[in-house]
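Asks: compute the structure for the input listed below.
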Amino acid sequence: MHNHTEFSLLDGANRIPAMVGRAKELGMDSLAITDHGVMFGVMEFYWACKEAGIKPLIGMEAYVAPNGRKKRSGREDNDRAHLLLLAKNLEGYRNLCKLATIAALEGFYSKPRIDHELLRQYGAGLIGTSTCLSSEICRALLREDYVQANHIAGMYKEIFGEGNYFIELQDHRLAEQERIRPQLLRLSKELDIPLVATNDAHYLCKTDHDSHELLLCIQTNDVLSNSKRMKFNTREFYLKSQEEMEALFADVPEAIGNTGYVADMCEVELAANRAGMPLPELPEGETPGSYLRKVATESLPRRVQECDEAAWERLKFELDVIESTGFESYFLLVREFANYAREQGIHYGVRGSAAGSLVSYAIGITEVDPLHYDLTFERFLNPERVSMPDIDMDFEDARREEMIQYVTDKYGSERVAQIVTFGTMGAKAAIRDTSRVLGKPPQEADRICKCIPNTPGITLEKALEEIAEFKQLVASDPEVREIVDKAKSVEGRVRHCGVHAAGLVISGEPLVEYVPLYRGNEGQPITAFEMGVLEKMGLLKMDFLGLSNLTVLAQTVRIVAETRGEHLDIGSIPLDDEATFEMLGRGDTTGVFQLESPGMRRHIQELKPRNVKELSAMVALFRPGPIKHIPEYIDAKYGRKKPEFLDDRMQPILEETYGVIVYQDQVLKSVRAVAGFTLGKADLLRKAMSKKDKSALDALLEDFLKGCAANGVEQRVAKKIWTRLEPFAGYAFNKAHAVCYAILAYQTAYLKAHYPVEYMAALLGAYMEKEDRVITLIDECRRQKIPVLQPSINRSGISFGVEGSAIRFGLAAIKGVGTGMVSSLIEEREANGPFRHLYEVAERLKPMGATKPVLEALIKAGALDEFGQNRLTLLGYVDGALSFADSANRDRNAGQVSLFGEGEQVADVVHYPELPEAEPPDRAQLTSMEKEVLGVYVSDHPLRGYERLLPQMSTHRCGAITELDDGTPVRMAGVVSNVRTLVTKRTGEKMASFRLEDFSGQVGVIVFAKTFAKLGDQVENDTVVQVEGAVMHRERRNGGEKDIEVRLDQLQRLDPPLDLDLASPDSMAGTVVIQISRATEADLKRLSKLLADHPGDYGLRLDVLVGKQVVPIFPALTVDPQDGLLRRIPKAVPGAEVTVMSADESKALAHRP
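Replies: Numbering: from 1, shown residues only. Below you'll find the predicted structure:
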């Protein structure tokens, strides 16, 4: 009656299927779920109990705020106490949903809280109990305040009504429980409140105590060895049998009897508790079916160019299926969403199998013609397997909230909510958490995790079976074995909850009557049931995903309209553009949706696609598993390999993809063609193959072989076909989904090919807050010879903009200024003209909230460079400017606005002071300022001059690290920033982290304690270094994407490069070779001046020792080796060695790559 599942996050260790199974094993006829403050697992629990023949008791152990849910004192005993609630009936269930919802949305303070006022309002249909030691009554008794306990018990009896409130007895062998038990019995007798005996079950069996302790430590970020940590002091918090409970409470048998009585009181049937979807807007006299048919039939000729008999037959077939399954309203509702987006100019797209529907295309939901791309409707809505269709919509991520608001306004906020999602502990996360809880250093977890593959869904058990290295490590190291064994007990458990990236639920009635709501990351209402549960309940679930690439498309179109006066219709661009496919064939794919990773870029260069269908195949193949078939696909395209179809009936299915199975659709069509499978059976096969369900596959293989035999296919060939199909079905892409993404990829490529400046500006704007991405994109602009200009107070907009053939930084990209301040600045500039002086900036912006840090950030970013003073000068006068602004604004407010009449502009008559110039910042200061406030280097780069060195010193660029596997050795060079040192909790040793940046991007580098002891003094901001180490994949504590970093093993500082342009002369009389093993910056400056003072017709080659490598550099300079130059070089650079090469040797050398 008092049970916590894993949805009492990191507190309950019971998994619902196991808990229900154990209850059945113990012969229980009823079982309760009472998680802390939430109802996350209620429906899963309800269905599991029903399937097991056990009565489900739906409840919650609520947090009650004794002083009111809106008061917050900071003391737990004042802010929240525990109260057990159970639903007696459907009314009680709905009131429980309302209480859980209000607790999360109104009463949340560390935990979701209700109060006495809410219980009086929503107590009908509920049973309450005094619950555990953390209840109001038990706390009062522990304080020896019996009077207060009596008052509280009487209040709850009155709230819940006669016979609906119980004094709960627990016995976990705790001294506190033993101490207050007599007072609880007295309360029961004096107030005539019945007793009920429970066991507060947080785990399944007594032996699960240790794994529960592990969970508690993960929750509290503690270690097991800490004796003062939060813990359960006995091993009694498990699901006990009837016999165990009777023995514990032998002296109060009525408490045991009342447990069954409470179970009998509870009759909650949720099977029929289903909310309908809202109704679409319909013209008078129309039904959803008639109107859908009318709109689709009238629209088809406009949407399909060759509207032949086959198109009409396909439309009729789809409409008949939609009508027979009862989903006409759904299509019309989604059409309303699409129409609204179109009317508001919000770019959107549709993902997934919905693009295979001709009805969706005809009525304007999708923009992909399923007839042209041979897309299958049955993959979307199978007449033999009726389930809610799923039309997933992508919107510009910057305007996704507009769409959610539209739906909320249209149907009512009480009928619309986003959806919860639960993060579980994967294999590596379980290892890392367990290792930390056991007090092991991070390196230990890294060592273990390195042996576990990144395969999706990998478990520790599976890794032990399949990975010999992992199995050997566990067998040979007792400490590792302990970590792995303990990690298995928490692996797969729910760790946290969040907001689904796309999910939105829409109901025809108030949601809280059916579904409890919870609090999202930003306080927004979200469902407490996850997406699969909502679908099973019959609620309308939509996927509204924000896609940054759609924002980029939309913004490019807007910029093109502003700068060129062209009005692009992205849906009407030609899909066979030569320039676009030539660009892709060159591998010029940075910033192109789906095609920009190094691996994909390489394959696209090899394929040289000529149409969207080939792009679609590449999108589908570039995934774990099918990626190994890309060479086969490319070879078949170019005739280097003959396609093998195995059976003539498979040729038309596989011909488009050169004989390679690329799509799930091809698997389904193949088994229907050769084995005569129905649609339903083909889909069963797809599912069994995806899940690798051996028993189901064995049965289906038998049916497949029989079907093939009946169709005249030899058994040998049939088995070969099966062997070929089976591995693909599990990972093959849905073709409609691949085509949708391929078209979007093509559209982004088209814009990059034809409007490169506008497209790159839009990309930079879309990723403005992601430093790594901005660095990569600025590098791409540099490669395309598109200048990227620093921010300007008079020219910049909010985001990145286009100035002629250049891109100008947006003011919102400056850290510390803020979008509100930027908007005010631009409004002021548009209203009263440009800014001309630092003091004027302060005077005009101070009333709008500009502060010293705001002005300093503008200066450091270079936004005020146009005033003619250097940045150090301007920084030195910020305080003076703000004081001047205060004085000027006081005068204005006092009426001393102008000497020249009422309407005169103050700026026209004010003379701002001259600002004496300070020493200008050097290159390092300038780049450091820009990095600080922009996150990137703009006017210069610390690596300028190292360009030719970097490729020779690195195995990988910083921006390509995300492509590498865990443990891959790397050598990289770049500039150091964001150095952080810390002391480890376990050993008290120092370690560090920093960012390493080159022109392609940046990567985090971790310096563990042993390495820090050797190299820590060399880790310094703004230094240029070469590092060696290994890639580390770290799972984030809250789930989601992995952090990919580099573990540092070696570090070498690099000497400054010569201040000379690098090039290779084509012809020369000879070459002067200078070998330099070490040199200071002063040495190199002397050498630079010396060489410049001796012009001639001999080329130069500098052999520079960098780390352990000799790197040749060819400065764009010719010299005269006579006139004492050779003698003076060793004096300029001590230790330098000089030789002269002949002209023939020089010519051979000059043409080296």
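
Asks: tell me who's in contact with residue 295.
Replies: 332, 335, 362, 363 (C-beta atoms under 8 Å, 6 or more residues apart in numbering). Any C-beta I mention is one placed from the backbone N, CA and C, and that applies to glycine too.

Asks: most neighbours, which of those residues?
Replies: Counting neighbours by other C-beta atoms under 10 Å, residue 362 leads the contacts of residue 295 with 28 neighbours.

Asks: tell me the spacing between that one and residue 335.
Replies: Applying C-beta to C-beta, to the nearest Å, the value for residue 362 to residue 335 is 10 Å.

Asks: which strands and helices lie in contact with the helix ranked longest in the chain?
Replies: Determined from DSSP state H, the single longest helix within the chain is helix 735-754. When contacts are defined as 3 or more C-beta pairs under 8 Å, 6 or more residues apart in numbering; DSSP states H and E, helix 735-754 packs onto strand 348-351, helix 548-564, helix 578-585, helix 612-621, helix 664-675, helix 756-766.

Asks: picking up where we left off before, so can I have a markdown table of the contacts of residue 295 showing secondary structure and distance to residue 924?
Replies: Below are these laid out as a markdown table (DSSP: H, G, I helix; E, B strand; the rest coil; distance: C-beta to C-beta, whole Å):
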| residue | secondary structure | distance to residue 924 |
| --- | --- | --- |
| 332 | helix | 63 |
| 335 | helix | 59 |
| 362 | helix | 63 |
| 363 | coil | 61 |
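
Asks: and the two most separated of those residues?
Replies: Spatially, the most separated pair among these is 332 and 362, at 12.7 Å (C-beta to C-beta).

Asks: from the contacts of residue 295, pick the one nearest residue 930.
Replies: residue 335 (49.0 Å).

Asks: was I right to think that closest one contacts residue 361?
Replies: No - judged on C-beta atoms under 8 Å, residue 335 makes no contact with residue 361 at a distance of 11.4 Å.

Asks: and residue 173, what does it touch?
Replies: 234, 236.

Asks: name the element it belongs to?
Replies: Residue 173 belongs to no helix or strand when elements are defined using DSSP states H and E.

Asks: setting aside sequence neighbours, what's the nearest residue to residue 252?
Replies: Once flanking residues are discounted, residue 252 sits nearest to residue 195: 5.9 Å by C-beta to C-beta, 6 or more residues apart in numbering.

Asks: how much space is there between that neighbour and residue 259?
Replies: From residue 195 over to residue 259 the distance is 10 Å, taken as C-beta to C-beta.

Asks: more crowded one of the two?
Replies: Set residue 195 next to residue 259 and count neighbours by other C-beta under 10 Å: residue 195 wins out with 24 against 21.

Asks: that one bridge partners, please.
Replies: residue 167 (DSSP bridges).

Asks: buried sites along stretch 691-705?
Replies: Neighbour counts over stretch 691-705 (16 or more other C-beta atoms under 10 Å) mark 697, 700, 701, 703, 704, 705 as buried.

Asks: possible to save those as TSV with distance to residue 111?
Replies: Formatted as TSV, those follow (distance: C-beta to C-beta, whole Å):
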residue	distance to residue 111
697	46
700	49
701	52
703	53
704	54
705	58
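
Asks: with the residues you listed in mind, which one is nearest to residue 976?
Replies: Once C-beta to C-beta is applied, the member of the buried residues of stretch 691-705 that ends up nearest residue 976 is residue 697, at 53.7 Å.

Asks: who's in contact with the residue nearest to residue 252?
Replies: Neighbour list for residue 195: 166, 167, 168, 169, 184, 185, 188, 252, 254, 255, 258 [criterion: C-beta under 8 Å, 6+ apart].

Asks: so what pLDDT did residue 1092 get?
Replies: Here the pLDDT value assigned to residue 1092 is 79.

Asks: my read: it touches residue 1118, true?
Replies: No - Residue 1092 is beyond contact range of residue 1118, at 10.9 Å (criterion: C-beta under 8 Å).

Asks: which of these two has more neighbours?
Replies: Taking other C-beta under 10 Å, residue 1092 and residue 1118 do not tie; residue 1118 has more neighbours (19 against 12).

Asks: can you say which two of the buried residues of stretch 691-705 are spatially most distant?
Replies: 697 and 705 (12.3 Å).

Asks: where does the stretch 151-300 of the chain dip in pLDDT?
Replies: 272-273 (pLDDT under 70).

Asks: can you give me the strands in it?
Replies: 165-169, 195-197 (DSSP state E, counting those that start in this stretch).

Asks: TSV please, covering these and showing distance to residue 420.
Replies: Listed next are the strands of the stretch 151-300 of the chain as TSV, based on distance: least, C-beta to C-beta, whole Å:
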stretch	distance to residue 420
strand 165-169	29
strand 195-197	31
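
Asks: quick one: closest of those strands to residue 47.
Replies: The nearest among those, by C-beta to C-beta, is strand 195-197 at 26.2 Å.

Asks: alpha carbons of the one helix or strand residue 1102 maps to, as CSV, please.
Replies: Residue 1102 is part of strand 1095-1106 when elements are defined by DSSP H and E. Provided in CSV are the C-alpha atoms of strand 1095-1106 (Å, rounded to 0.1, in the frame of the first residue of the first chain):
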residue,chain,number,x,y,z
PRO,A,1095,66.8,41.8,-51.0
GLY,A,1096,68.1,39.7,-53.9
ASP,A,1097,67.2,36.8,-56.2
TYR,A,1098,67.8,33.8,-53.8
GLY,A,1099,64.8,32.1,-52.2
LEU,A,1100,64.4,31.4,-48.6
ARG,A,1101,63.7,28.1,-46.7
LEU,A,1102,63.5,28.1,-42.9
ASP,A,1103,63.7,24.7,-41.3
VAL,A,1104,62.0,25.3,-37.9
LEU,A,1105,62.1,22.7,-35.1
VAL,A,1106,58.5,22.5,-33.7
